[in-house]
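Visitor: Just to be clear, the model below is a prediction. Sequence and coordinates:
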Amino acid sequence: MSQEKEQSKVEINYNLEFDARGLKCPMPVIKVRKILQSLKPGEIILVLADDPGAKRDFPAFCAQTGDEIIKSEEENGVLKFYIKKK
């Protein structure tokens, strides 16, 4: 088994889950920005999204804020982003 497949099976513990399915750009990022303000540094939020624009929006958002996407994946049309607050 490749290292990439093994890594995708690793469970990530997270502090909060936010379901942004059904929201269109820029609402998922706007809502996650507000939620991250309430988290402590090092805490992780799992974001679920189905807007195709989220694939570029969340990496750009994290590059701007300094927060870190520690894992992203797509499963059955749902994008999952594990974002660690800086």
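Guide: Received the coordinates, thanks.
Visitor: From now on I want contacts and neighbour counts done on CA atoms only, so please keep to that.
Guide: Fine.
Visitor: Partner strands of the strand or helix carrying residue 47 and their direction?
Guide: Assigned by DSSP states H and E, residue 47 belongs to strand 44-49. Paired with strand 44-49 in the same sheet, following DSSP bridges, are strand 16-19 (parallel), strand 78-84 (antiparallel).
Visitor: Enumerate residues external to the last one that contact any of its residues.
Guide: Contact with strand 78-84 is made by 12, 14, 21, 41-50, 54-55, 58, 67-74, as judged by CA atoms under 8 Å, 6 or more residues apart in numbering.
Visitor: same check, this time on stretch 68-75
Guide: If you take CA under 8 Å, 6+ apart as the criterion, stretch 68-75 is touched by 8, 59, 62, 79, 80, 81, 82, 83, 84, 85, 86.
Visitor: Apply the buried test to those and list what passes.
Guide: 59, 62, 79, 80, 81, 82, 83, 84, 85 (16 or more other CA atoms under 10 Å).
Visitor: Closest one to residue 35 out of those residues, please.
Guide: residue 85 (10.2 Å; CA to CA).
Visitor: Look at the closest one and report its pLDDT.
Guide: At residue 85, the pLDDT value in this model is 98.
Visitor: Residue 68 now?
Guide: 98.
Visitor: and what of residue 1?
Guide: Looking at residue 1, the pLDDT reads 45.
Visitor: thinking again about what came up before, make TSV out of the strands paired with strand 44-49 and add distance to residue 31.
Guide: Compiled in TSV, the strands paired with strand 44-49 are given as follows (distance: least, CA to CA, whole Å):
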stretch	distance to residue 31
strand 16-19	9
strand 78-84	13
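Visitor: for the ones you listed, which one sits closest to residue 26?
Guide: With CA to CA as the measure, strand 16-19 is the member of those nearest residue 26 (14.4 Å).
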